[in-house]
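> Need the 3D shape of this:
(chains A and B)
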Amino acid sequence: MVGVIGGGSFGTAIANLLAENSEVLLYFRRKEAAQSAIENTRNANQDLHSNVHPIHSLAQLCKECRIIFILVPSSNFRALLTDARQFLTPKHILIHGTKGLDLNISEEELFNSDSIVNKEDVFTMSEVILQVTNVKRIGVIAGPNLSAELAKKQPAACVIASKYEEVIREGKKAIRSSRFQVFESNDVFGAEFSGILKNIVAIGAGVIGGLGYGENAKAMLITRGLVEMIRLGEEFGSDKSAFLGLAGIGDLIATCSSPLSRNYTVGMRLAKGESLQEIRENMEEVAEGVKTIKIIKGIAQQLGLSVPLISMLHRILFEGLEVSQGIDLLMRFDGGEDVDFI
Amino acid sequence: MTKQPLPFVEEDVSKWPIYRLSLESTEFGKNLVLYVMREILGKISQDGQLSELLSKVLYMEKQRYKTMPWSVDPADEDTFWEGVKKKLLHASKQENIEGEHYTVGELQVLEDIVSRYYDEISGYFNPSTFDFANNTVRRGVSRLLNAAPFRENKKPFWDRRTSVYNRVQILGPVQKIRKLAQQHTIVVVPTHSSNLDSPVIGWLLRCIGLPAFLYGAGLNLFNFKLAGYFMSRLGAYKVDRRKKNRVYLETLQAYSTLTIHNGAHSLFFPGGTRSRSGKVETRLKQGLLGTTIEAQRLNLLNEDSKQRKVIVVTANLNYPFVLEAPVLIDQFLKKDGKSRYLKKSEPSNAFIRYVHFFYRFFRAKGRFSVSFGEPMDVFGNPVDEQGRSLDKVNKQIHLSDYFSGEDGIVIDEQRDTEYTKELSNKIVDQFLKNNRIMPIHILSKALFECFIKKYDAVDVYECIKKWNVKDIIPSADFIKHLESVIEYFKALEEEGQVQLDERCFEDIQVIITSGLEEAGMYHLKKPILKSSKGFRTENMKTLFFYQNRTEGYN
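From the prediction side, this is the model:
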């Protein structure tokens, strides 16, 4: 039996994938959502595999499942683990697929505050798991895994990253199938960080798309965005190789090309003239990339790092810069060496 | 501060695990040999692999005893290894054992080698020798302490009234450690600055009333027959750093694992060697640390030992000065700086230095301290007095969960390697937290930084190049910078990141006086001196060594 926490589109898609190999308990925070999924055998616009069993009890999930996939937004991650902590033991294996950062202030405070975020107050999800629970065997699932395409049973691949070979082995055994390939990595931080940063570039790609620019501009954005990701990643202690695999460039290409991506959608709407506030008012969940831009910009500023793409997006999102002016600023930036990170 | 040793937590020596192990050493040895053989044979997956391993061991051993002989090496080295060579040649003509990838002959050779290593490594415990050593050291140290003030206070040499315990601060949860030692196995992991650390920590453990500990001592120390005689009867097991072959390393690790599993309290320096730079060690050797985790796993698998925890206790040995500082820092700078380090030759006479040191050490009024860390299990969780592991919300954790797969406890070396790294990180956290900064360290940091600024140097190498022994930092400049250094460490202390000697909270002149006294206690070339014009150093490298004790904090 394998557990999934996260009744959103990605959680549901992963649960269906896992169900091809074993029984799956899919946990919903809201009882009504679990009930509805049971009654309709459907959730998040996807039919549920017959092996997927929606539940509402963390106790039951943790008791029956040693391997648990966590696929919830970063803003809910710590609270969820705090609730689950009493049921989790060092016996468990937790594999998360959340591409965001944890911060000890609310999103409202973050977006409305001018004060700079300290690196010491920002945590990755694997760090949160270690801080809150007794679980040691932690992994990350990352890669180009757009849930809509997974739901259509299209072929895809991911990377499972963990310091523990056992976690990689068990995770792979749980999810690998004829249409879903699993690659391995020991670089947990690299896999997490590349997933986090690509959301920022995806917003940029949405802006490009929203302005009606074509493939040249998108390719430029993705490539230079990747360079910025690698430089930032190295500053934070990641190995550059993580950015060159599925969790980095793989996920980047998928997310920057898909209008279904929340981050891409934010960028498109900005390009169409909406403000961040307007977008937040009628988007069910703010894309992770928005919060990440705010956090990373602050830290980069503290460390004196040059992050032209992030700075431009920050000014558009939080400082009222017009999108066209932002692109203009970016194009005026001195080119320099193309590939200086290998 | 204790004025006399605490009573032993177990007065009946016959109940000490280390003594029981000595009595059962033959049986223990047989089990150990089987254990090591199982470990090695479990990884043999192809024909010829064992033969290749044994041939490599043979080659390395022959190189070792021919190029690096020690007087403590057994006389029959050549005979034994030539015998191994013949047996291996004979074994290579045999058929493999059915279903296995090795022959009977190869199996026998492996057993012979492991048995030989066990015989060399194993230590013993003799209660009479322990009593004798215990009383002799205690009396000897007291006499030496009295010898020094003899000239000042005119106390006779034979007067016993000056207590050595006035010179030592023992800090940390001593009562908890004593309680835990009654039911569980304690593994003490001290910081390592000096060759004196071994006798000092051994004496300190006696002070707090713990039973004798097993400890790894370099085999070379047994070259000195008298020292060897005592050490081998006081729980020392021999570690030969010349031997790097896999069979030896497996046997050594198995010795540590199984002795801890059998309840013998153990001691080893996780840094592996003395800190050359003077910094608190932050890179630990994983080999022996890993044996604590393996021992804990074995405990959980046996009904007899299931409830017995392996408890890790850090011990920061905080000295106001380190005898070997000039030699250690020289070695560090040579290795770290390479071509950037220009060494000036200095006279050296090791024997006279030790004699001089003992006299000055016991004559000086200085004190040193040990800070025992909060006891933890092998996963770094704090434990209560009963040995229960507690998580962040004080809920009990069951250690078997760390080793469990789907169906109970599972062997997984890679998993345990990661656990060892995490234990290592927890030990380093405690080392840094329990590091006791003394006036000499604060003064050294302040003075060194003043010189860096004076020379506009980018690093210590440039500082050494530009330094002249006559260069002085004016008092006003030095004191101003010293004040900021003190404030910085006070802030760290308040955050719980480090410990500060109580004198560091006194008036700045008291701090300076204390620091100068400590700096003047031993070294012939003083790291810090004061003159009418200001402050200077007679040895920039030693100054750097002492300031390094303040490194490692954000």
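> At the contact with chain B, which residues of the stretch 151-300 of chain A appear?
Proximity of the stretch 151-300 of chain A to chain B, by Cβ under 8 Å from any Cβ of the partner chain, involves residues A:Lys163, A:Tyr164, A:Glu165, A:Glu166. For glycine as for every other residue, the C-beta is placed from the backbone atoms N, C-alpha and C.
> helix/strand/coil for the first one?
Assigned with DSSP: H, G, I helix; E, B strand; the rest coil, A:Lys163 falls in the coil class.
> Could you tell me how many residues sit around it?
By other Cβ atoms under 10 Å in any protein chain shown, 21 other residues sit near A:Lys163.
> show me where pLDDT drops low in the stretch 101-250 of chain B?
Counting by pLDDT under 70, the stretch 101-250 of chain B has low-confidence residues at B:137-166, B:225-230, B:232.
> Enumerate every residue touching B:Leu53.
Taking Cβ atoms under 8 Å, 6 or more residues apart in numbering or on different chains, we find B:Leu53 in contact with B:Ile40, B:Ile44, B:Arg246, B:Val247.
> my read is it is in a helix, agree?
Yes. Checked against three-state DSSP, B:Leu53 lies within a helix.
> pLDDT score for it?
Per-residue pLDDT puts B:Leu53 at 96.
> and the residues of the stretch 151-300 of chain A next to chain B, which are buried?
Buried members of those, counted by 16 or more other Cβ atoms under 10 Å in any protein chain shown: A:Lys163, A:Tyr164, A:Glu165, A:Glu166.
> Wait, the last one touches B:Glu413, no?
No. Here A:Glu166 does not reach B:Glu413: they are 10.7 Å apart, not a contact under Cβ atoms under 8 Å.
> Residue numbers of chain B in contact with chain A?
For chain B, the residues in contact with chain A (Cβ under 8 Å from any Cβ) are B:379, B:391-393, B:395, B:397-398, B:401-402, B:404-406, B:412, B:414-415, B:418-419, B:422.
> Please narrow the residues you listed to those residing in strands.
The strands, defined by DSSP state E, take in B:Ile397, B:Ser404, B:Gly405 from the residues of chain B next to chain A.
> Spell out for me the ChimeraX command that would select the buried members of those residues.
A single ChimeraX command selects the buried members of those (16+ other Cβ under 10 Å):
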select /B:397,404
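> now the ones in strands among the residues of chain B next to chain A as CSV including pLDDT?
Shown next, in CSV, are these (pLDDT from 0 to 100):
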residue, pLDDT
B:Ile397, 96
B:Ser404, 95
B:Gly405, 93
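> follow-up on the earlier one: right, and the pair among the buried ones among the residues of the stretch 151-300 of chain A next to chain B with maximum separation?
Pairwise distances across these peak at 10.0 Å for A:Lys163 and A:Glu166 (criterion: Cβ to Cβ).
> Poorly predicted segments of chain A, please.
A:113-116, A:284-286, A:332-342.
> Strands of that one, start to end?
With DSSP E as the criterion, chain A has strands at A:2-5, A:24-27, A:42-43, A:46-47, A:52-55, A:67-70, A:93-96, A:102-103, A:122-123, A:137-142, A:156-161, A:180-185.
> what's the closest of the ones you listed to A:Ala79?
Comparing the strands of chain A against A:Ala79 with Cβ to Cβ, the closest turns out to be strand A:102-103 (10.3 Å).
> So what are the sheet partners of that closest one and their directions?
Using DSSP bridges, strand A:102-103 pairs in its sheet with strand A:122-123 (antiparallel).
> now the strand it pairs with, how far from the chain's geometric center?
Its chain's C-alpha centre lies 14 Å from the corresponding centre of strand A:122-123 when counted by Cα atoms, centre = their mean, to the nearest Å.
> Could you do stretch B:32-41 as well?
Distance of stretch B:32-41 from its chain centroid, counting by Cα atoms, centre = their mean, is 27 Å.
> What are the buried residues along it?
Buried residues in stretch B:32-41 (16+ other Cβ under 10 Å): B:Leu32, B:Val33, B:Tyr35, B:Val36, B:Met37, B:Glu39, B:Ile40, B:Leu41.
> pLDDT value on the residue in the stretch 201-350 of chain B positioned nearest to chain A, please?
The nearest approach of the stretch 201-350 of chain B to chain A comes at B:Ile293, 12.1 Å away (Cβ to the nearest Cβ). Per-residue pLDDT puts B:Ile293 at 98.
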